[in-house]
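Participant: need coordinates for the following:
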Amino acid sequence: MSGHSKWASIKHKKAATDAKRGKVFTKLIKELTVAARFGGGNSETNPRLRLAILKAKDSNMPKDNIDKAIKKGTGELPGVVYEEMTYEGYGTSGVAILVDVLTDNKNRSAAEVRSIFTKKGGNMAGAGSVAWLFTKKGLIIVDKKQSDEDKLMNIILENGAEDMVTLEDIYEITTPVNDFETVKKAVIDSGITPESAELTMIPANTVKITDKAAAQSVLNLIGTLEDHDDVQGVYANFDIPDQILAELE
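Facilitator: Okay, the predicted model is just below:
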């Protein structure tokens, strides 16, 4: 998981840059709209919407933008209807990849995602080919400088976390989906600022990549997929050593 965690931290830093360009806002607005359409506009009774609002606030999205997106989802304001799709495929070295999409034109999105896989050295796969490898979990990354290990362990276990793994320079906390908000809040309330905190798809096993060119190929594919406007999330089971990731970063 170390490669996965390192990539989560890199993505978090990249998201801050993307937010300045508005790219993250576009994706968040889609998620807010869809969450409100399927579960209603009340965040107290709609966990998906509640998480989307928290993520929007973390990205410093203005309240007006959040409210408008929710109203488009509930039908109070006119808006585009988005469909949810998941595409599956493989990258270099047999790395399994899941791609979550929200789109107003699934034929266009399917063609464009397929094109990215092809151009970046991967290939699309049929439904169910790799999805079985992944389980949805909360993932919270904390820099070791932020907390003592025992203190952090006590905080998270008291609030429903599943596990905490200590790596070279970070703590990697995993939670059930339903306890993610509670654990995240407990960590922040204790004065600790996570490097990243997200709901993600955790792989049951990983593919270790020690060849620099192969690692670059996988990261190029994942990065290009993540940059696509219709793509909400990309999940993969690579494990690239931190040293190689740092060189490529």
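
Participant: state the number of residues packed around residue 63.
Facilitator: 10 (other C-beta atoms under 10 Å). Glycine gets a C-beta too; all of them are placed from N, C-alpha and C.

Participant: which residue lies farthest from the center of this structure?
Facilitator: For the chain, the residue at maximal distance from the C-alpha centroid (C-alpha atoms, centre = their mean) is residue 76, at 28.7 Å.

Participant: grab the nearest non-local neighbour of that one.
Facilitator: Using C-beta to C-beta, 6 or more residues apart in numbering and skipping residues adjacent in sequence, the residue nearest residue 76 is residue 41, 7.7 Å away.

Participant: now stretch 59-79, how far from the centre of its chain.
Facilitator: Chain-centre distance of stretch 59-79: 21 Å, with C-alpha atoms, centre = their mean, to the nearest Å.

Participant: over to stretch 237-249?
Facilitator: Distance of stretch 237-249 from its chain centroid, counting by C-alpha atoms, centre = their mean, is 18 Å.

Participant: what residues sit buried inside that stretch?
Facilitator: Neighbour-count burial for stretch 237-249, counted by 16 or more other C-beta atoms under 10 Å, picks out 237, 238, 239, 240, 241, 242, 244, 245.

Participant: which pLDDT value goes with the residue farthest from the centre of the chain?
Facilitator: Note for residue 76: predicted pLDDT of 95.

Participant: correct me if wrong: residue 173 contacts residue 140.
Facilitator: Yes - if you go by C-beta atoms under 8 Å, residue 173 and residue 140 touch, sitting 4.2 Å apart.

Participant: overlap of the contact sets of those two?
Facilitator: Residues touching both residue 173 and residue 140 by C-beta atoms under 8 Å, 6 or more residues apart in numbering: 156, 183, 187.

Participant: give me the contact list for the top strand by length along the chain.
Facilitator: The strand that spans the most residues within the chain, counting by DSSP state E, is strand 134-143. Contacts of strand 134-143 with the rest of the structure, by C-beta under 8 Å, 6+ apart, involve 5, 8-9, 12, 96, 98, 152, 156, 162, 169-177, 179-180, 183-184, 187, 192, 194-204, 235, 237.

Participant: this structure: helices as residue ranges?
Facilitator: Counting by DSSP state H, the segments of the chain that form helices are 2-21, 23-39, 47-58, 63-74, 106-119, 149-158, 180-189, 212-227, 242-248.

Participant: can you tell me how far residue 40 is from residue 53?
Facilitator: 13 Å (C-beta to C-beta, to the nearest Å).

Participant: what about the two, which has more around it?
Facilitator: Per other C-beta under 10 Å, whichever of residue 40 and residue 53 has more neighbours is residue 53, with 23 against 15.

Participant: show the pLDDT at the more buried one.
Facilitator: 95.

Participant: wait, it touches residue 66, no?
Facilitator: Yes - Residue 53 lies in contact with residue 66 (C-beta under 8 Å); the separation is 6.1 Å.

Participant: what residues are shared contacts of these two?
Facilitator: residue 32.

Participant: related to what we said a few turns ago, from residue 91, how far off is the residue farthest from the centre of the chain?
Facilitator: Going from residue 76 to residue 91 by C-beta to C-beta gives 41 Å.

Participant: and the longest strand of the chain, which residues are buried?
Facilitator: 134, 137, 138, 139, 140, 141, 142.

Participant: in JSON lines: those residues, plus pLDDT and distance to residue 231.
Facilitator: Shown next, in JSON lines, are these (pLDDT from 0 to 100; distance: C-beta to C-beta, whole Å):
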{"residue": "134", "pLDDT": "94", "distance to residue 231": "16"}
{"residue": "137", "pLDDT": "94", "distance to residue 231": "20"}
{"residue": "138", "pLDDT": "93", "distance to residue 231": "21"}
{"residue": "139", "pLDDT": "92", "distance to residue 231": "18"}
{"residue": "140", "pLDDT": "93", "distance to residue 231": "23"}
{"residue": "141", "pLDDT": "91", "distance to residue 231": "21"}
{"residue": "142", "pLDDT": "92", "distance to residue 231": "27"}
